[in-house]
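1. pasting a predicted model and its sequence here:
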Amino acid sequence: MNPADKEKYLKLALIAFGSIFFFIYPLGMVWPSGWVWHGGEGAYYLQMICGVYAVLGAHLIAAAKNPSENRSLISFTIWSSVVHAAIMGVQAVTDGHELGHLIGDVPALLLVAGVLWYLSPSQATATQTA
């Protein structure tokens with residue numbers, strides 16, 4: 001894929017994922033076994049994580065205007081998604097009550113990380129286009 005197409009798709013992905021991050025709370029209400037931890041106990045936790053992801057989502061949408069200027073935010077989103085998914089994956093496997101997350105938020109975060117990683121400009125590409 002050429003750099004211009006990658007940037008176009010990266011902008012779309014940043015807007016799409018940023019927008020989806022605003023809908024974590026409704027996803028948790030519709031499919032709690034795939035999105036809400038601890039059987040729905042601890043509404044404070046869900047509100048906190050939704051707040052963090054809403055802020056990240058807003059920044060990803062803003063980053064879509066100029067992705068090469070926001071490589072550190074995109075990198076943070078990639079790596080934090082991988083780490084978050086890995087921790088949740090281990091917890092889901094070791095706690096039988098949380099297995100639904102292996103087909104819910106764990107693969108969703110890995111999808112975010114994989115798509116953003118694939119579409120992200122390399123340091124060399126970003127330097128050439130600057």
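-> Perfect, I can see it now. Note that the coordinates shown come from a computational prediction; the quantities given were computed from them, not determined experimentally.

2. for this structure, which segments count as helices?
-> With helices called from DSSP state H, the chain shows them at 3-20, 24-30, 32-35, 43-63, 71-94, 105-119, 123-129.

3. and those helices, which one's lowest on average pLDDT?
-> Ranked on mean pLDDT, the bottom entry among the helices of the chain is helix 123-129, at a mean of 55.

4. I'd like the helices of the chain as TSV, with mean neighbour count appended.
-> Using the backbone N, CA and C atoms, a C-beta is placed for each residue, glycine as well. Output for the helices of the chain, formatted as TSV (neighbours: other CB atoms under 10 Å):
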stretch	mean neighbour count
helix 3-20	16
helix 24-30	16
helix 32-35	18
helix 43-63	16
helix 71-94	16
helix 105-119	18
helix 123-129	11
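
5. hmm, Y25 is touching I49, no?
-> No: Y25 is beyond contact range of I49, at 9.1 Å (criterion: CB atoms under 8 Å).

6. give me phi/psi at A64?
-> When read as degrees, to the nearest 10, the backbone of A64 gives phi -60, psi -20.

7. residues contacting it?
-> When contacts are counted by CB atoms under 8 Å, 6 or more residues apart in numbering, A64 touches L10, K11, L12, L14, I15, G18.

8. redo that, cut-off 7 Å
-> K11, L14, I15 (CB atoms under 7 Å, 6 or more residues apart in numbering).

9. now do A85
-> V106, L109, L110.

10. how near is it to V55?
-> A85 sits 19 Å away from V55, going by CB to CB, to the nearest Å.

11. separation between the residue lying closest to T77 once chain neighbours are set aside and H101?
-> What sits nearest to T77 in space, not counting adjacent residues and going by CB to CB, 6 or more residues apart in numbering, is L116, at 6.0 Å. As for L116, its distance to H101 is 21 Å (criterion: CB to CB).
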